[in-house]
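1. Next comes the sequence, and after it the predicted model I'd like to discuss.
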Amino acid sequence: NDNIVSVYNGYSAGIVGYAAINQSQTSVDIQNCVSYENINENDSQKSGIINVVNSTASDPDTIGTISNCYWYIPSGITLEMKGPDGSGTTVENCSSFTPNSPADEWYGTLASPVTAGGKTGIKALVYALNSWVDYANETPLVSDVTFKNVCFDETNGLEFGTPPEGEPPAAPTGSLSSEFIDNIKSLNTGGTTVYVKTAEDLKAFAALVNSGSYGEASATLEVTDKTFTDITVEQTADIDLTDLYDDSFTSWIPIGNSPTERFQGTYNGNGNQISNLNINATTDIAPALFGNVQNGTIQNVIVSGSVVCSSGDYVAGLVNCLVSGTLENCVSNVNVKNTSAYTTSITGGIVASVKGGSKVLNCTNNGSIENTGNSNFAGGIAGVSDSTSTNLFINCKNNGSVITSSTDISSSAGGIISTNKGQLNIFNCINYGKIETKNNAGYGGGILGANRTESYRVNIYNCVNNASVNNFSGNYGIIGYIQANSTIYVKYCY
């Protein structure tokens, strides 16, 4: 899965660069191999599967077999291909393909003609495998190679078998999908949709939001609008982030990892999983799957994993800070723990901070939520709601325990929201998670931990708490603390 480069402009190939068979050797067999990466365009001799088979053996029929091999290439790459020059080789069940080809060219073509016999894509591969090409005359020097079930049609005077049944092997989780690469490139020319299906795609998407560019072995990508405004990102498969983590990438970097780097498009998870989210934050990087979302929408996302933060004021499972945005039909199975020594630390199962008339609709938290910082706030769905225009929470459910352990009496824990400082509606929400404020300090409520505003109206309708609330000053099923002179309406709740 890495770029293939010949250091002195020699023989390079996706599987084997050069195979030499002398009188003392009987055969070379290459079976069940897959290559997923580009071959250096500067190499003078290159091939998708194998470059050169050079034989001086007495019996050319024993040279061997190249079988069940694939070369997976991103679309739009132009390559020259050569080899082998050994007679008696069998090529069976092999193909090179691009994933975005038209249906009638399912195994792929390249965007521009290659110089191997003037053929493209698989035709160039087969042509190159069949003969060492004399480039001056484009003349095959050897043509004694047997093909079986190679994806090719009758051309160049040769007959070939049918393509292998079924789909070629998919790129591994750690690879950028060629569809994602093409989608990102299209954004700079009017494209409006990006499809994400691998962990590497998601990592690259995060980098593009955070910096506007992404460059690793898989590809170098750039976007002119890193906010992704008016862009829809569609997740098309379950994504396991496990394979991303190594010595150089030990913790997930949030999508929109600072207040100035915000995602403003639409991300649709389509009910697919994002598993093994791992964040161990020792700096304030807006810990969550998404860091900062403004005027954006996150919907149909299911995320699981662990977020631990020792330095940060806001921490959450799905979104760190939501401003004038929407979270809809999302599920967090993330265990979140905030141990920050910040003066104020705020933790939420779904979202830490909600501002600007945002909407949190039909969202569920199943992870445990714990805040052990100084003056701390923890909510099953949200840490803090703070807006001069109405923030709206509808049909949300918390199943995870919510615990604070501060000695500051102003701390609070809530099944749906920890604390409110602005205009707020909570409708049709339910809490099943245990609410606890430790160290004989702080307020706990089954729905809202504390209401700390006298300037804005709060409506809590049709809400239910079905869990215990351990509060230093008493057990409060719906609201733990109400500031004096608050305007708050609680109806049809129990």
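-> Right, received. Where do you want to start? Residues are numbered from 1 along each chain as shown.

2. CA only for contacts and neighbour counts going forward, please
-> Noted.

3. hey, C-alpha coordinates of stretch 294-305 in CSV?
-> Taking C-alpha atoms only, stretch 294-305 is exported to CSV below (Å, rounded to 0.1, in the frame of the first residue of the first chain):
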residue,chain,number,x,y,z
GLN,A,294,-21.3,25.8,12.6
ASN,A,295,-24.4,26.1,10.3
GLY,A,296,-23.8,22.4,9.5
THR,A,297,-25.8,19.2,9.9
ILE,A,298,-24.6,15.8,11.3
GLN,A,299,-27.1,13.1,10.8
ASN,A,300,-27.5,9.3,11.0
VAL,A,301,-24.1,8.8,12.6
ILE,A,302,-23.4,5.9,15.0
VAL,A,303,-20.0,6.2,16.8
SER,A,304,-18.4,4.1,19.5
GLY,A,305,-15.1,4.3,21.4
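
4. Show residues contacting that stretch.
-> 229, 262-278, 317-318, 322-335 (Cα atoms under 8 Å, 6 or more residues apart in numbering).

5. 6 Å instead, please
-> 264-271, 273-278, 322-334 (Cα atoms under 6 Å, 6 or more residues apart in numbering).

6. Just those residues: which are in strands?
-> 266-268, 273-278, 322-323, 326-328, 331-334 (DSSP state E).

7. Torsion angles phi and psi at the residue nearest to residue 202 when sequence neighbours are not counted?
-> In space, not counting the residues next to it along the chain, residue 202 is nearest to residue 196; the distance is 6.4 Å by Cα to Cα, 6 or more residues apart in numbering. Summarising the backbone geometry of residue 196 under the convention degrees, to the nearest 10, its torsions are phi -110, psi 130.

8. now do the one 4 residues further on
-> Listed backbone geometry of residue 200 is phi -70, psi -40, with angles given as degrees, to the nearest 10.

9. in stretch 276-288, what counts as buried?
-> The neighbour-count criterion (16 or more other Cα atoms under 10 Å) identifies 276-281, 284-288 as the buried residues of stretch 276-288.

10. Compute the distance between the residue nearest to residue 202 and residue 205, please.
-> For residue 196, the distance to residue 205 under the criterion Cα to Cα, to the nearest Å works out to 8 Å.

11. cool, residue 325 as well?
-> For residue 325, the distance to residue 205 (Cα to Cα) stands at 19 Å.

12. which of the ones in strands among the contacts of stretch 294-305 count as buried?
-> Burial by neighbour count, 16+ other Cα under 10 Å: within the ones in strands among the contacts of stretch 294-305 this picks out 266-268, 273-278, 322-323, 326-328, 331-334.

13. Output the below-cut-off pLDDT ranges for this structure.
-> For the chain, the stretches with pLDDT under 70 are 1-174, 216-219, 374-375, 472-475.

14. My guess is the residue nearest to residue 202 contacts residue 233. True?
-> No: using Cα atoms under 6 Å, residue 196 and residue 233 do not qualify as a contacting pair, with a distance of 7.0 Å.

15. I'd assumed residue 403 was in a helix, is it?
-> No: if the criterion is DSSP: H, G, I helix; E, B strand; the rest coil, then residue 403 is strand and not within a helix.

16. Quick one: neighbours of it, just the number.
-> Per other Cα atoms under 10 Å, the neighbour tally for residue 403 reads 29.

17. Tell me what it is bridged to.
-> According to DSSP bridges, the residues that bridge with residue 403 are residue 370, residue 436.

18. right, and it touches residue 439 too?
-> No: under the criterion of Cα under 6 Å, residue 403 makes no contact with residue 439, lying 10.9 Å away.

19. how close does the nearest residue to residue 261 once chain neighbours are set aside get to residue 315?
-> Excluding the flanking residues, the one nearest residue 261 by Cα to Cα, 6+ apart is residue 210, at 5.5 Å. With distances taken as Cα to Cα, residue 210 is found 18 Å from residue 315.

20. quick one: which of those two has more around it?
-> Shown here are residue 210 and residue 315; by other Cα under 10 Å, residue 315 has more neighbours (38 against 23).

21. element containing that one, please.
-> With the criterion set as DSSP states H and E, the secondary-structure element containing residue 315 is strand 314-316.

22. Now do that strand: everything it contacts.
-> By Cα under 6 Å, 6+ apart, the surrounding residues in contact with strand 314-316 are 287-288, 345-349, 351-352.

23. Quickly run through the sheet partners of it, with directions.
-> Each strand that pairs with strand 314-316, with its direction, by DSSP bridges: strand 344-348 (parallel).

24. C-alpha coordinates for the partner strand, PDB please?
-> Coordinates of each C-alpha in strand 344-348 appear next as PDB, following Å, rounded to 0.1, in the frame of the first residue of the first chain:
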ATOM      1  CA  THR A 344     -14.700  25.300  33.900                       C
ATOM      2  CA  SER A 345     -14.900  21.900  32.200                       C
ATOM      3  CA  ILE A 346     -18.000  20.800  30.300                       C
ATOM      4  CA  THR A 347     -18.800  17.300  29.100                       C
ATOM      5  CA  GLY A 348     -21.600  15.800  26.900                       C
END
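
25. buried ones in it?
-> The neighbour-count criterion (16+ other Cα under 10 Å) identifies 345-348 as the buried residues of strand 344-348.
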